[in-house]
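Engineer: Just to be clear, the model below is a prediction. Sequence and coordinates:
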Amino acid sequence: MSTTREYDAIIIGAGQAGGPLASALAGAGRRVAIIERAAVGGTCVNVGCTPTKTMIASGRVAHLARRGADYGVQTGPIAIDQPKIRERKQAIVASFNGGSESALTGTDCVELLHGEASFSGPKAVVVQLNDGGEARLRSDLIVINAGERPSRPQLPGIDTVPYLDSTSIMELDRTPDHLLVLGGGYIGLEFGQLFRRLGSVVTIVQRGARLLAREDADVAEAVADILREDGIEVLTETAATAVARDGDGVALTVRGPGGERTIRGSHLLAAAGRTPNSDSLNLSAAGIATDKRGYITVDERLATNVPGVYAVGDIKGGPAFTHISYDDFRILRTNLIGGGGATTTDRFVPYTVFIDPQLGRVGLGEEEAREGGRAVRVAKMPMSSVARALEVDETRGFMKVLIDRSSDQIIGATILGLEGGEIMSMLQIAMMGKLPYTALRDATFAHPTLAESLNNLFGSVE
């Protein structure tokens, strides 16, 4: 029986909340154990934001190269070097991951253990170390930052085909001839457009009536139009009913408005959901409550039902974004070290979908606002009316901003367009400062910038 080690804090998972929190607690003089079964940095650095956006950059270069003639630049045929794209992605991930791990191992009072953690009691954790052996830890303060993983499709025949998920698709050494994508959410659309730009035939299969189910109908329709314009087959209201091997590829049977059909492809990407990594934690030994999907339930201060145990990041459900995980860290840092009262109540949840053009979103959508009985005005303008977009010949999409009628304040913004995430962030700052829309309407922005378009956008409000 190994000796139990005592710590001031135990953190399970070295993601975008766990890593910074370990360093902050150690900086406050506390002895911290942080446990990571895979790579330091979590989903974002290793298999999420960093690698996907790196690969999307390669896809954008290919797209622009093909459009060279539109700008009076003759580029000729292009060729895709998939191993080089993967190599570039891996190098950037290794750099980010190495920096994250060095930050932990170089911090006094932090002990990094590589292994699989599980609870053996309300304050006790057992770690099956990756290099063999076992470590038993105890602390009155435990923070769970164990994240999510891609869900396994519930589809007849899935066990017979070598399907891809959002992690394994980035390790391909050749571009798929025909990529079949299950799921019309953020992950499916980003990878679908990426591989279309790298030369694949792409079919996206979405069970629901629209892509990006959280977005307004006009936004979802515009996104679908953009993808179709790029040559992607988008099938909505279409359910996958079975899959089977088809030589070296796959045969996907689907049922949609036109009946049943079989689509044959070289690769299948499952991008229809994620699962919390709570099933390996033995949460019952600690009495930690979860919802029916396995997400750990927390209050507005990120506390579980067990005193002294907190959950941060994706494993607690809700919006699974890196910046939300990092804000969870800031909440715990404020409360556990600074004695503050920070909460998740009314925090902003901005996000950007890195299709091209980008989709940036913050606050309420129009449908959500009207269903909630909010009296709003809508400012909407196509990107084809934006001078900067015209100059660079990237005019797809539109801007849509919701304005509260009683206060003239912005309560929501959706920007589908060139650098949509950056424009959305400007509007978020205005929302944080509680500025009336007229402040942006009458502001002097540099010409010609995308920011300048806000003058015209809000100038149309009656």
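Structural biologist: Structure's in. What do you need? Residues are numbered from 1 along each chain as shown.

Engineer: all contacts plus neighbour counts: C-alpha atoms, from now on.
Structural biologist: Fine.

Engineer: Quick one: low-confidence residue ranges for the stretch 301-450 of the chain.
Structural biologist: Low-confidence segments of the stretch 301-450 of the chain (pLDDT under 70): none present.

Engineer: in it, which spans are strands?
Structural biologist: For the stretch 301-450 of the chain, applying DSSP state E, counting those that start in this stretch gives strands covering 309-311, 351-353, 358-363, 376-382, 398-404, 410-417.

Engineer: now these as CSV including mean neighbour count and distance to S2?
Structural biologist: Formatted as CSV, those follow (neighbours: other C-alpha atoms under 10 Å; distance: least, C-alpha to C-alpha, whole Å):
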stretch, mean neighbour count, distance to S2
strand 309-311, 25, 24
strand 351-353, 20, 45
strand 358-363, 24, 50
strand 376-382, 19, 63
strand 398-404, 23, 59
strand 410-417, 27, 55
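
Engineer: Now render those strands as TSV, adding distance to G41.
Structural biologist: Converted to TSV, the strands of the stretch 301-450 of the chain look like this (distance: least, C-alpha to C-alpha, whole Å):
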stretch	distance to G41
strand 309-311	17
strand 351-353	20
strand 358-363	24
strand 376-382	38
strand 398-404	34
strand 410-417	29
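
Engineer: Which of these sits closest to I337?
Structural biologist: Closest to I337 of the strands of the stretch 301-450 of the chain, according to C-alpha to C-alpha: strand 309-311, at 14.3 Å.

Engineer: Packing partners of the closest one?
Structural biologist: strand 142-144 (3 or more C-alpha pairs under 8 Å, 6 or more residues apart in numbering; DSSP states H and E).

Engineer: Would you list the strands that the strand it packs on pairs with, along with their directions?
Structural biologist: strand 9-12 (parallel), strand 309-311 (parallel) (DSSP bridges).

Engineer: who are the neighbours in contact with K380?
Structural biologist: 398-401, 457 (C-alpha atoms under 8 Å, 6 or more residues apart in numbering).

Engineer: on that earlier part again, between the strands of the stretch 301-450 of the chain, which one is nearest to A57?
Structural biologist: strand 358-363 (12.4 Å).

Engineer: can you pull out the helices in the stretch 301-450 of the chain?
Structural biologist: 322-332, 366-371, 387-391, 420-432, 437-441 (DSSP state H, counting those that start in this stretch).

Engineer: can you list these in TSV and add distance to H267?
Structural biologist: Listed next are those as TSV, based on distance: least, C-alpha to C-alpha, whole Å:
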stretch	distance to H267
helix 322-332	28
helix 366-371	36
helix 387-391	35
helix 420-432	31
helix 437-441	47
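
Engineer: would you list these in CSV and tack on distance to V127 and mean neighbour count?
Structural biologist: Converted to CSV, the helices of the stretch 301-450 of the chain look like this (distance: least, C-alpha to C-alpha, whole Å; neighbours: other C-alpha atoms under 10 Å):
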stretch, distance to V127, mean neighbour count
helix 322-332, 23, 22
helix 366-371, 44, 15
helix 387-391, 53, 16
helix 420-432, 40, 20
helix 437-441, 53, 20
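
Engineer: With respect to T50, which of the strands of the stretch 301-450 of the chain lies nearest?
Structural biologist: strand 351-353 (13.6 Å).

Engineer: Could you list the paired strands of the closest one along with their orientation?
Structural biologist: For strand 351-353, pairing defined by DSSP bridges yields strand 358-363 (antiparallel).

Engineer: and the angle for the partner strand with strand 410-417?
Structural biologist: 170 degrees (axes from the mean of the first three to the mean of the last three C-alpha atoms, to 10 degrees).

Engineer: Might you calculate how far strand 358-363 sits from the centre of the chain?
Structural biologist: 12 Å (C-alpha atoms, centre = their mean, to the nearest Å).

Engineer: who's in contact with it?
Structural biologist: Residues outside strand 358-363 that contact it (C-alpha under 8 Å, 6+ apart): 348-353, 411-424, 428.

Engineer: Give me the distance from the lengthiest strand in the chain to the chain's centre.
Structural biologist: Ranked by residue count and defined by DSSP state E, the top strand of the chain is strand 110-121. Relative to its parent chain, strand 110-121 has a centroid offset of 26 Å by C-alpha atoms, centre = their mean.

Engineer: residues touching D108, list them.
Structural biologist: D108 touches 26-27, counting by C-alpha under 8 Å, 6+ apart.
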